[in-house]
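# Just the structure for this:
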Amino acid sequence: MVVAEIEKNLYQQIAHYLTGSIALRDLRRWFDCESWEHQTESDIIGQVELLFGEYTSRHRTEQDLRQQLEQVIATFTFKSVISPVQATVFISAASSNKTLRGGILAKAERALAKPLVNYA
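Numbers count the residues shown, from 1 in each chain. Reported below is the predicted structural model:
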């Protein structure tokens, strides 16, 4: 799997965790299986690995980890592997979360140059 594809999937998995669709342990299992050989090839994968390490060694609480993961995906740069249709699917799922709606959705909409969610 290409690193850009793993990064896109990582973004989706983090968004699912932040919206409560999956548990932290499920995110971690997925991450460990999919990214272990690509940590040196991707800044975002390395950054998330460091955050998990700090959490595992009790240097971060889960709430702190959650906040840091929000920052990771808020600053995530969309690569060409993500299509507007794919973005709509997982960003729409995140639209019910006010924190995500304010930052991540706006960034994704700018990246894709169109609104993705009706905020009504």
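
# Any buried residues in the host helix or strand of Glu5, and which?
Assigned by DSSP states H and E, Glu5 belongs to helix 3-18. Buried residues in helix 3-18, counted by 16 or more other C-beta atoms under 10 Å: 6-18. No exception for glycine: its C-beta is placed from N, CA and C like everyone else's.

# can you tell me the average pLDDT over the helix or strand immediately after that helix in the chain?
The helix or strand immediately downstream of helix 3-18 is helix 24-35, counting by DSSP H and E. Helix 24-35 comes out with an average pLDDT of 93.

# So, low pLDDT: which residues of the protein?
Counting by pLDDT under 70, the low-confidence segments of the chain come to 1, 38-40, 77-120.

# can we see that at 50?
Scanning the chain for pLDDT under 50 picks out the ranges 80-82, 89-90, 93, 114-120.

# one step back: of the buried residues of helix 3-18, closest to Phe76?
Tyr11 (5.3 Å; C-beta to C-beta).

# Pretty sure that closest one sits against Ile73.
Yes - counting by C-beta atoms under 8 Å, Ile73 is a contact partner of Tyr11 at 5.6 Å.

# Let me know the closest of the buried residues of helix 3-18 to Ser35.
Closest to Ser35, out of all of the buried residues of helix 3-18 and judged by C-beta to C-beta, is Ile6, at 5.9 Å.

# how about that closest one, what does it touch?
Shown in contact with Ile6 (C-beta atoms under 8 Å, 6 or more residues apart in numbering): 34-35, 38, 42, 45.
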